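Asker: Have a look; sequence and predicted model below, questions after that.
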Amino acid sequence: MLNKRLSIGNILNSYLKNPVVLDVETTTSNDGNPFDLKNKLVLIQLKNKEKSIYFTKEDFHLCLSHLEKASLLVGQNIKFDLHWMRRELGYIPKVPIWELQNAEFLFSNQQWKYPDLDTMCKNYGVGEKIHTIEEKYWSKGIDTDEIPVLELAEYGIHDVELTWKVFQEQIKRFQNDINNKFPLFRLLCNDLLVLQEMEWNGIIYDEINSLVKSKDIEYSILILEDKINELVESDVLNYNSGDDISILLYGGTKVKKIRFPIGFYKTGVKTGQPRYKIIKETIEFPRRVTPLKGSELSKEGFYATNILTLLSLKTTGKTKKIIDLLLERSALEKINGTYLKGFPKTREKYNWPVNKLHSSLNQCVASTGRLSSTKPNQQNLADLAKSFCITRY
């Protein structure tokens, strides 16, 4: 144990020669996503043992000399800051990383997801973030590049100083009661640099052929729906609706609205346009299968229709055919909505370059400690989706 503590002490001593806190302020499209082509870097803030300093666009490059002298880079969600430093300045760190979130995630026995700086500061009693920028500007739709520089700099400098204080508190914990978790913390921080590289590179995704295949899938879905309609002798159900599937399987009433033409508008802005009367038709569906015990929904008379429930139902004959078709349709809908159409929609939403996906790879989410992927989830892709991922290696 003594040797272990000496080893931790030696590592910490090397880190503490000249640690530098890094933080940036950016415009706010998609929460400042660094791959959003609409976003801009507005301010860079650094803090070392001696001082806190900020850099505006005109002198961003001057921060590099400070970073080159650092023995350690410290940050809160530092992967975000590193993406921006690479995008603006081509900066890739050559020193170890200290991620506050990783430390707090370990301290909480991996129960505190996405630890935030404000709560950390309150927990350690070292102050709190300034909220006036959000209240005065961001909440009113005023973006970061429109905020007076001195006000934004005050906000940013305060953040790096808080980060520094939390960093000092975390050092104390690793030196004393949490020293056994320090090797894992180092591993997580080393892994962070690999994940940052993976996020930066992203996935090349063939959107055009993905959307072409999506049309084929939609046609296959229509064929399946025709088969279900034939079996149930009705075409009024929406198979994307859990309520309608519940009516189909467990019985109930479906109200069909029919627009019946009754003439034309003779006056007003709709002059000449057809007028309709809404006629409601009720269609009764028999119970085809007994609901599973405990599958009742809060909406009276309706029951669960998720995939696990459908697989658990005991059916034969026509009802089994209907459920098999519903399951096949659901699988196609998932592939189509999540991947074939979903990935291009996600890329467009985040304003990423065409055919490029930049998922987030998260260390501070799963209590088991495993990696997670979001926006979009690139883990366990369907084989069909993988076929549109283009390798560069």
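Answerer: That came in fine, so what should we check first?
Asker: What segments of the chain are strands?
Answerer: Assigned by DSSP state E, the strands in the chain fall at 19-26, 41-47, 52-56, 72-75, 97-99, 203-205, 252-264, 274-285, 356-357, 360-362, 372-374, 389-390.
Asker: Quick one: those strands as a markdown table, columns for mean neighbour count, mean pLDDT and distance to T346 too.
Answerer: Using the backbone N, CA and C atoms, a C-beta is placed for each residue, glycine as well. Converted to a markdown table, the strands of the chain look like this (neighbours: other C-beta atoms under 10 Å; pLDDT from 0 to 100; distance: least, C-beta to C-beta, whole Å):
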| stretch | mean neighbour count | mean pLDDT | distance to T346 |
| --- | --- | --- | --- |
| strand 19-26 | 25 | 98 | 20 |
| strand 41-47 | 24 | 98 | 23 |
| strand 52-56 | 18 | 98 | 33 |
| strand 72-75 | 24 | 98 | 26 |
| strand 97-99 | 23 | 98 | 26 |
| strand 203-205 | 19 | 97 | 10 |
| strand 252-264 | 11 | 86 | 34 |
| strand 274-285 | 11 | 88 | 37 |
| strand 356-357 | 18 | 97 | 7 |
| strand 360-362 | 18 | 96 | 11 |
| strand 372-374 | 15 | 94 | 10 |
| strand 389-390 | 13 | 96 | 14 |
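Asker: Turn the ones you listed into TSV, including distance to L195.
Answerer: Shown next, in TSV, are the strands of the chain (distance: least, C-beta to C-beta, whole Å):
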stretch	distance to L195
strand 19-26	17
strand 41-47	21
strand 52-56	26
strand 72-75	14
strand 97-99	11
strand 203-205	14
strand 252-264	49
strand 274-285	50
strand 356-357	15
strand 360-362	4
strand 372-374	10
strand 389-390	18
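Asker: And for the protein, the residue most distant from the center?
Answerer: Distance to the chain centre peaks in the chain at K266, reaching 51.8 Å (criterion: C-alpha atoms, centre = their mean).
Asker: Centre of the chain to stretch 230-245, how far?
Answerer: Offset of stretch 230-245 from its chain centre (C-alpha atoms, centre = their mean, to the nearest Å): 33 Å.
Asker: no wait, stretch 158-174
Answerer: For stretch 158-174, the distance to the chain centre is 27 Å (C-alpha atoms, centre = their mean).
Asker: Which strand residues bridge S372?
Answerer: As for beta bridges, S372 partners with N362 under DSSP bridges.
Asker: Name all residues that make contact with it.
Answerer: The contact partners of S372, by C-beta atoms under 8 Å, 6 or more residues apart in numbering, come to L361, N362, V365, A366, Q379.
Asker: hmm, 6 Å instead?
Answerer: Counting by C-beta atoms under 6 Å, 6 or more residues apart in numbering, S372 touches N362, V365, A366.
Asker: okay, now the nearest residue to E296 once chain neighbours are set aside: neighbour count?
Answerer: Excluding its sequence neighbours, the residue lying closest to E296 (C-beta to C-beta, 6 or more residues apart in numbering) is Y303, at 5.9 Å. Neighbours of Y303 under the rule other C-beta atoms under 10 Å: 22.
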